[in-house]
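# Structure here, sequence nowhere to be found:
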């Protein structure tokens, strides 16, 4: 069973994450935790001193964290972006597409199920910040590559 | 019609295998029902009162003969020999065994069909105008846009766990045949300075808080529609309510923020989104458009109809609409036979319509949100032959948009959410008003029945709407008047205290009698109601 999953090269953040409020207030912490409903954009002025952002999923059906992740990556955040909480194996791929690169689910995941999920779909329809070429770009390589 | 390329096909095939894996884990007891539920709901499989129900997506309501035939085969092989066409232009099978569901999806995939995102809090099947591509007044065929958005919304990584379900409609005519403004987002294609773009409406919907969507942008160019919709959805995903599922639709967010504030937030997000290169190149829309290019119509065809058979003439007058191409016509096939179940079709009827589409309609047919079918490209010279075949199959009812062309949800006969039975009421109404002369006299009159507050039967948008509720364990039916899902969209008003099943049929009769007494030249029921207001109708009912 997998309790922690990382797609990053090298070390992952060990420092305990602080709340957004204490982080933006004064903390010299480099790790912060965003709760569902908190505005990820509050972190944008401080991205250069962050090495870990945890995004909490209080319930698997609460999808606010997907937007939080994309917003951070779209703003150029390069550090570790970790999904924590009620994270299910069937969500890993979508979370990866939104920019998450590590996972600490409340309930450990089945290794084989993770493998299957990661390799289930060869192609994607949307462009996000994950760098994958969407199907429309593959259909029109000359146009899209200029 | 659109055809899958290898990318589209491989996604649908992979989805079948994923669902097969999930189903096997459920059947083997490795997944509990609680764990399985969100997985099956992402794939249109509901556990209803008596069995599983599978909802199959019919993107923008367009089907080929081959696809339609497959739907009939599945009905015969896996269901009890029929299917139910829905107000979202989809098809539901009501008697599915869980173990069969993966095989059904595999069969659907062989004809480029699926059940992806037909349930769950995600972007649902994109709906459109059943006359797309064949009506003379459209700006452009809306279906290429709908197909582009089908692909964009399929497994969208950010918008699969929205606060609530999300429905999008795309139309391109002044006449709204899709209830566009009762969708979470409605797009109406328009032309400006030689460019095609869309007016965007957001925050419409039915359910317990019906709202007609306001305009939030008067023009989004076609090459920016994806990034604009991403902005609309992101604001909703972040700020839509999640504390109460009955307040979670985007209409509540737009209402609570106010239209101007929602617009402002979307514009701010859009300014950011448009820098990210999220839009497919125009070549992609052109690629899709090529599939929808008008078929090779014959020219110089006869464009008069031999009306010597009066029953045929009656059907033509009611069911046949003008086609943009001389010599061709649009045929509406009623799924509302006298005393029947609205939207139901038997496997044999489905097979027949598939055959008619192949033989007479350039291999194409449509499903309407009013739960009827359309053959969009029929030569006028073939109308009589088609009518004869439909008549033999019990499909030649001439009641399009008349009082017996009733929309009804499955109701308490099937649905685990329902409070009351919609179908028996629809059947009683259909019998009460069966006389053809009487229906014709009453003219356009849209009756819509929902078996609960979720409003799947669109009762808010009915000229006459009926909502079934549970009152201390007894079915009770509330009547509303004055709704419309068309270009003059409005939400109906409740008349007053509810009725028993027979009582509401009587009340509808009183209301229609008053209309016949009071109408002025050329007025439909809806027009008379709007002119007179509720008071006289109320008096006629309760007086």
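Looks like it arrived, so ask away. Please read all numbers here as calculations on a predicted model, not as lab measurements.
# host element of residue B:237?
helix B:225-239 (DSSP states H and E).
# is any part of that helix close to chain A?
Yes. Residues of helix B:225-239 contacting chain A under CB under 8 Å from any CB of the partner chain: B:234, B:237-238. The C-beta positions use only the backbone N, C-alpha and C, and glycine is treated the same way.
# Include pLDDT and neighbour count when you put those into TSV, please.
Shown next, in TSV, are the residues of helix B:225-239 next to chain A (pLDDT from 0 to 100; neighbours: other CB atoms under 10 Å in any protein chain shown):
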residue	pLDDT	neighbour count
B:234	98	22
B:237	98	26
B:238	98	22
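# Now tabulate the residues you listed in CSV and tack on distance to residue B:344.
Shown next, in CSV, are the residues of helix B:225-239 next to chain A (distance: CB to CB, whole Å):
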residue, distance to residue B:344
B:234, 40
B:237, 36
B:238, 41
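# got any ranges where chain A has weak pLDDT?
A:145-146 (pLDDT under 70).
# If we use 90, what do you get?
Across chain A, the ranges flagged by pLDDT under 90 are A:9-16, A:23-28, A:90, A:142-146.
# from it, which residue is nearest to chain B?
residue A:63 (2.8 Å; CB to the nearest CB).
# Give me the three-state assignment for the residue nearest to that residue when sequence neighbours are not counted.
Spatial nearest neighbour of residue A:63, chain neighbours left out: residue B:161 (2.8 Å); criterion: CB to CB, 6 or more residues apart in numbering or on different chains. Judged by DSSP: H, G, I helix; E, B strand; the rest coil, the three-state class of residue B:161 is coil.
# ditto for residue B:389
Quick answer, by three-state DSSP: residue B:389 is helix.
# Ok, residue A:84 next?
Three-state call for residue A:84 (three-state DSSP): strand.
# correct me, but it touches residue A:57?
Yes. The pair residue A:84 / residue A:57 is scored as a contact, 7.1 Å apart, by CB atoms under 8 Å.
# More neighbours: which of the two?
Between residue A:84 and residue A:57, counted using other CB atoms under 10 Å in any protein chain shown, the more crowded position is residue A:57 (24 against 20).
# who's in contact with the nearest residue to residue B:433 once chain neighbours are set aside?
Leaving aside its chain neighbours, residue B:433 sits nearest to residue B:403 (4.8 Å; criterion: CB to CB, 6+ apart). Shown in contact with residue B:403 (CB atoms under 8 Å, 6 or more residues apart in numbering or on different chains): B:429, B:433, B:439, B:442, B:445, B:447, B:464, B:512.
# any idea how far residue B:403 lies from chain A?
Distance of residue B:403 to chain A, given as CB to the nearest CB, to the nearest Å: 42 Å.
# now what about the longest helix belonging to chain A, what contacts it?
When chain A is parsed with DSSP state H, its longest helix is helix A:64-74. By CB under 8 Å, 6+ apart, the residues outside helix A:64-74 that reach it are A:34, A:36-38, A:40-41, A:43-44, A:47, A:53, A:55-57, A:81, A:83, A:94-95, A:98-100, A:128-129, B:157-161, B:234, B:237-238, B:242, B:272, B:276.
# So which of those residues are in strands?
The members of the contacts of helix A:64-74 that map onto strands under DSSP state E are A:34, A:53, A:55-57, A:81, A:83.
# Neighbour-wise, which one of the residues you listed leads?
Counting by other CB under 10 Å, top hit in the ones in strands among the contacts of helix A:64-74: residue A:55 with 29 neighbours.
# just checking, it touches residue A:80?
No. Residue A:55 is beyond contact range of residue A:80, at 11.1 Å (criterion: CB under 8 Å).
# Distance-wise, check the residue most central in space within chain A relative to residue A:122.
Nearest to the mean C-alpha position of chain A, by CA atoms, centre = their mean, lies residue A:100 at 1.7 Å. Applying CB to CB, to the nearest Å, the value for residue A:100 to residue A:122 is 20 Å.
# tally of neighbours for the closest residue to residue A:4 other than its chain neighbours?
Distances taken as CB to CB, 6+ apart place residue A:104 nearest to residue A:4, at 5.2 Å, with adjacent residues excluded. By the criterion of other CB under 10 Å, residue A:104 has 17 neighbours.
# just checking, what packs against the host helix or strand of residue A:104?
Element membership of residue A:104 [criterion: DSSP H and E] is strand A:102-105. The contact analysis (3 or more CB pairs under 8 Å, 6 or more residues apart in numbering or on different chains; DSSP states H and E) places strand A:102-105 against strand A:5-6, strand A:80-85.
# out of those, which comes closest to residue B:102?
Nearest to residue B:102 among the helices and strands packed on strand A:102-105 is strand A:5-6 (27.7 Å), distances taken as CB to CB.
# Partner strands of the closest one and their direction?
With DSSP bridges as the test, strand A:5-6 is paired with strand A:102-105 (antiparallel).
# Quick one: distance of the strand it pairs with to the chain centre.
Mean-position distance between strand A:102-105 and its chain equals 9 Å (CA atoms, centre = their mean, to the nearest Å).
# just stretch B:466-483 next, same as before
Per CA atoms, centre = their mean, the centroid offset for stretch B:466-483 relative to its chain is 22 Å.
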